[in-house]
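Peer 1: okay, here's the prediction I keep looking at, along with the sequence it came from:
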Amino acid sequence: MKKSYIVGGLVVVLAMVMAMYSFKSTLTSYVTVSEAKASKRPVQVAGIVVKGTDRYDLQRNNLIFVLREDGGDEMQVEYDGPRPGNFDNVNKVVAIGKYEPKEQVFMARELLVKCPTKYEGRVKGQ
């Protein structure tokens with residue numbers, strides 16, 4: 001075989017390995033509150049917003065609330081960004097980010113709000 005084929009094959013394999021590593025590092029898995037607090041990587045945590053704990057600072061564009069997962073564990077979440085329009089009516093929130101142990105807060109870089117009442121008419125066929 002020619003050396004150029006071997007070198008070309010090695011370059012292709014190396015590129016594939018690098019692509020797989022890059023893809024794996026961008027994935028964020030769903031975890032519990034306790035796992036999020038122990039993780040050093042960005043993760044996703046799902047739960048409900050504890051009533052009466054949310055406050056939004058319009059000047060700083062900052063939303064803070066307490067998230068409670070199904071198991072009952074809670075943690076404070078801070079999101080730097082606009083308050084989602086339907087935030088008061090959500091049934092479930094997914095916070096994507098990283099827990100900061102010094103501040104004892106989960107710094108969310110993204111919030112996904114789930115409000116099933118918005119889609120009830122479509123599910124029932126109306």
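Peer 2: On my side now, so go ahead. Numbering: from 1, shown residues only.

Peer 1: can you tell me the element the closest residue in space to residue 69 that isn't next to it in sequence falls in?
Peer 2: Leaving aside its chain neighbours, residue 69 sits nearest to residue 47 (4.1 Å; criterion: Cβ to Cβ, 6 or more residues apart in numbering). Placement of C-beta: from N, CA and C, glycine included. Using DSSP states H and E, residue 47 sits within strand 43-49.

Peer 1: equivalent analysis for residue 37, please.
Peer 2: helix 33-38.

Peer 1: centre of the chain to that helix, how far?
Peer 2: Put simply, helix 33-38 sits 13 Å off its chain's centre (Cα atoms, centre = their mean, to the nearest Å).

Peer 1: so where's the longest helix in the protein?
Peer 2: In the chain, with assignment by DSSP state H, the single longest helix is helix 3-26.

Peer 1: quick one: pLDDT of the residue nearest in space to the middle of the chain?
Peer 2: Closest to where the C-alpha atoms of the chain average out (Cα atoms, centre = their mean) is residue 96, at 1.6 Å. Predicted confidence (pLDDT) for residue 96: 93.

Peer 1: cool, residue 51 as well?
Peer 2: Residue 51 carries a pLDDT score of 89 in this model.

Peer 1: residues near it, how many?
Peer 2: 10 (other Cβ atoms under 10 Å).

Peer 1: one more: residue 53?
Peer 2: Counted with other Cβ under 10 Å, residues neighbouring residue 53 total 14.

Peer 1: please apply the same query to residue 95.
Peer 2: By the criterion of other Cβ under 10 Å, residue 95 has 23 neighbours.

Peer 1: that one - nearest residue in space that isn't next to it in sequence?
Peer 2: residue 108 is the one closest to residue 95 (Cβ to Cβ, 6+ apart), at 4.2 Å.

Peer 1: who does the one you found form a beta bridge with?
Peer 2: residue 79, residue 97 (DSSP bridges).

Peer 1: any idea how far residue 74 is from it?
Peer 2: The spacing between residue 108 and residue 74, counted by Cβ to Cβ, to the nearest Å, is 15 Å.

Peer 1: of these two, who's got more company?
Peer 2: Using other Cβ under 10 Å as the criterion, residue 108 and residue 74 rank with residue 108 on top: 24 against 15.
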